[in-house]
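[1] Quick one, what's the 3D model for this:
(chains A and B)
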Amino acid sequence: MIDEPNGLLPILNFDNQTTWDDLTTTAQPHLDSAGAARLKESLDGIANSVVIERHYIDRDYRDTFSQYHSKRFITPDSRCIRLHFFDKSLDRSDIKSSEELQPSYIGYSVIRPTRPNCIGRTLIKPECRQTTQGTVCECTESVSIQGTELSISGFPFISQDADVTVCAQASLWMLARYFSDRYHLYPETYPVQIGNLTRDYSVGRLFPSSGLYIWQLAEALRRLSFAPLLYSRNQYSQISQQSCHTDNFEHLLYTYIESGIPVLAAFDNHVVVLFGHVSDYSDLSNMAPETGCNFIYSSALNWAYVGNDDNGIPYQLISNNAAQQQTPSYMSNTINQIEQFVAPLPEKVFLPAESFETLVKAILVRPDVGYQQLSPTISAATPVLRLFLTTGRSYKKRLTERGMGNALVEEVYRNLPLPHFIWVCEISQQSIYPDHVLGEIIWDATRNAYEPDGWIALHYPEILIVDRGSALNNPPDLVRFALTGSTNYPIYRSNLRDIP
Amino acid sequence: MTANILQLIPDEETKAQRLFSNDQEYQEFRVSLQKEVQGELERQREARRQSEEQAKKLLIS
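    Residues are numbered from 1 along each chain as shown, chains lettered A, B, ... in the order given. Prediction:
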């Protein structure tokens, strides 16, 4: 049933007589059959009603219209349609109440009058994609339908318009919008602005775009106040002499995503944004470390990433199983086809993931402060390590709820000044991972790799070592506290959110 | 007045012990750790340089 099909705000309830074809018809001329097919692929069976907001002025499309389409002889409409999806049937009276609407709100998709791709700015809940699992980075937006305020959390999606944006700019837009939605530090950036970020690093015209090199993507991120790092598969796959990973490149990719940092993953002539991962813990008890390595890393349990491919639909998975590529829930590439990735680090993270790992790995096996010397509890079984970056503020915020296994540790951490960003290596064991840990090493992420005294704390169940000196910008002053009665405690969760 | 003594817990002096008995012991620890990781950090620096070089060649369109 469609309520007021010719009005400014038709409401379409899917039923025996009303289908996705009716949505395509009602959302004409903006929504084409290809766009409708993508929406159906994403939301069929989940969305039970759609509110069609006609004459919607979308700030991203208006930016493109003003600076590109308006200069053409034949111009498309300057306005868009915005589709709001709900998981229950709606009456027009429901729209007046946030309390009524919010629980069933799935998200929105702006439909542009552009061809061949009409899907514009889109934000839908990850859990509405039944085939998507794992943990993901999320941002939140507020949305108004005729004055009724709703909120929606997810990862932004947009398809390329093939004029101002191709996949490179579309992926940059998705990544930039996530950061500007989530952190006030980053400015909201529109498609033409994204294209212009490389104007000083380009040969030839910027629009229509013929694509970007990976280094230009990194430069664009730098201009948005990030400190991007570039990783090539053929340089990082087997970099370590005693590698603890089947593939070190994929381990680093996982580590940044686990840190809540979405990455641009580049294939031959294509790029996507990866912002979540899927792990399988069912076989953890039977796993063994790589030959020559003392530890199992949490990255070894990861089998897929969650991401947005502007040619596909939101929240697709990418794995190394080629057979899965054929289904719409998966991207058309596999993980081992990723040639490079760009990690947009915050400006004040000077220590890269691989250097942090090198340093903590060395400390953990040392004869003086290593776990075999100081911790019978950890030595009793193979340690499982999880590496991630977070903020000192966020880490402290969760001290009470986690308990840190010992009241003394919780109190010391609370009173210890921390830098804005910290690297953390959590130490667990197969029997308690992924729910609990036994200790951790906290490292100052503003140190450089050649400073071996960047540790802030080393915590085993039997001992806590902290640097009191560096905490006050003084020379290192390492002190140890003996711990008794320690227990395991919950792992740190903040960077990513579980998809229920 | 700026605090220059960090009190992490009450009665800290009776519960905390120095990890290294003197500065020389700490410097030995620091130097040996530095030596241990030097080679791998150098390989990482070269991998970063090579990655940046390769990024000039991979076109995304």
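[2] switch to C-alpha atoms for all contacts and neighbour counts from now on
    Noted.
[3] Please identify the helix or strand for A:Val110.
    strand A:105-111 (DSSP states H and E).
[4] List phi and psi for B:Gln38.
    phi -50, psi -50 (degrees, to the nearest 10).
[5] How much space separates it from chain A?
    Computed as C-alpha to the nearest C-alpha, to the nearest Å, the B:Gln38 to chain A distance reads 8 Å.
[6] near chain A, which residues of chain B show up?
    Within chain B, the positions near chain A by C-alpha under 8 Å from any C-alpha of the partner chain are B:4, B:6-9, B:15-20, B:30, B:33-34, B:36-38, B:40-41, B:43-44, B:47-48, B:50-52, B:54-61.
[7] Just give the nearest non-adjacent residue to the residue most central in space within chain B, would you?
    Nearest to the geometric centre of chain B sits B:Gln34, at 8.6 Å (C-alpha atoms, centre = their mean). Spatial nearest neighbour of B:Gln34, excluding adjacent residues (C-alpha to C-alpha, 6 or more residues apart in numbering or on different chains): A:Pro452 at 5.9 Å.
[8] what about that neighbour, which SS state?
    coil (DSSP: H, G, I helix; E, B strand; the rest coil).
[9] Could you count how many residues lie near the closest residue to chain A within chain B?
    Nearest residue of chain B to chain A (C-alpha to the nearest C-alpha) works out as B:Ser61 at 3.7 Å. Using other C-alpha atoms under 10 Å in any protein chain shown, B:Ser61 is surrounded by 18 other residues.
[10] My read is that it contacts A:His270, right?
    Yes - the criterion here is C-alpha atoms under 8 Å, and B:Ser61 meets it with A:His270 at 6.5 Å.
[11] intersection of neighbour lists for the two?
    A:Cys167, A:Ala168 (C-alpha atoms under 8 Å, 6 or more residues apart in numbering or on different chains).
[12] How about the contacts made by A:Met331?
    So A:Met331 contacts A:Asp309, A:Gly312, A:Gln316, A:Leu317, A:Ile318, A:Gln325 (C-alpha under 8 Å, 6+ apart).
[13] Can you tell me which of those has the lowest confidence score?
    Looking at the contacts of A:Met331 by pLDDT, the weakest one is A:Gln325, with 75.
[14] Roughly how far does that residue sit from B:Glu42?
    For A:Gln325, the distance to B:Glu42 equals 38 Å [C-alpha to C-alpha, to the nearest Å].
[15] Likewise for A:Asn333?
    32 Å.
[16] Same question for A:Asn448.
    13 Å.
[17] And for A:Arg79?
    Distance from A:Arg79 to B:Glu42, by C-alpha to C-alpha: 54 Å.
[18] do the same with A:Ala323
    When A:Ala323 is compared with B:Glu42 (using C-alpha to C-alpha), they lie 39 Å apart.
[19] ok, those two, which is more surrounded?
    B:Glu42 (14 against 10).
[20] For the closest residue to A:Gly134 other than its chain neighbours, give the beta-bridge partners.
    Spatial nearest neighbour of A:Gly134, excluding adjacent residues (C-alpha to C-alpha, 6+ apart): A:Val278 at 4.2 Å. Counting by DSSP bridges, A:Val278 is bridged to A:Ala304.
[21] wait, A:Val278 sits on A:Ile257?
    No - using C-alpha under 8 Å, A:Val278 is not in contact with A:Ile257, being 10.9 Å away.
[22] quick one: which of those two has more around it?
    Applying other C-alpha under 10 Å to A:Val278 and A:Ile257 shows that A:Ile257 carries more neighbours, namely 25 against 21.
[23] how distant is the lowest-mean-pLDDT helix or strand in chain B from the center of its chain?
    Using mean pLDDT, DSSP states H and E, the weakest-scoring helix or strand in chain B turns out to be strand B:59-60, at a mean of 84. Averaging C-alpha positions (C-alpha atoms, centre = their mean, to the nearest Å) puts strand B:59-60 36 Å from its chain's average.
[24] Residues contacting that strand, please?
    A:Cys167, A:Ala168, A:Gly211, A:Leu212, A:Tyr213, A:Ile214, A:Ala266, A:Asp268, A:Asn269, A:His270, A:Val271.
[25] Identify the residue nearest A:Gln133 in space, chain neighbours excluded?
    A:Ile499 (5.9 Å).
[26] Likewise for A:Pro5?
    A:Thr26 (6.7 Å).
[27] What separation do you get for that neighbour and A:Glu53?
    Distance from A:Thr26 to A:Glu53, by C-alpha to C-alpha: 11 Å.
[28] Between those two, point out the one with more neighbours.
    A:Glu53 (22 against 18).
[29] Not counting its neighbours along the chain, what's nearest A:Ala288?
    Going by C-alpha to C-alpha, 6+ apart, A:Ala288 has A:Ile296 as its nearest residue, at 6.8 Å.
[30] Hmm, I typed the wrong one, I wanted A:Val271.
    A:Val271's closest residue in space is A:Ala265 (C-alpha to C-alpha, 6+ apart), at 5.5 Å.
[31] Starting from the helix or strand hosting A:Pro228, tell me which strands it pairs with and how they run.
    Taking DSSP H and E as the definition, one finds A:Pro228 inside strand A:227-232. If you go by DSSP bridges, strand A:227-232 pairs up with strand A:340-345 (antiparallel).
[32] any idea where the strands of chain B begin and end?
    Applying DSSP state E to chain B gives strands spanning B:16-18, B:59-60.
[33] for the stretch 101-250 of chain A, what spans make up the helices?
    A:167-182, A:191-196, A:214-223, A:233-236, A:248-258 (DSSP state H, counting those that start in this stretch).
[34] can you list those helices in CSV and add mean pLDDT and distance to A:Ile46?
    Output for the helices of the stretch 101-250 of chain A, formatted as CSV (pLDDT from 0 to 100; distance: least, C-alpha to C-alpha, whole Å):
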stretch, mean pLDDT, distance to A:Ile46
helix A:167-182, 96, 24
helix A:191-196, 94, 30
helix A:214-223, 96, 35
helix A:233-236, 93, 38
helix A:248-258, 97, 28
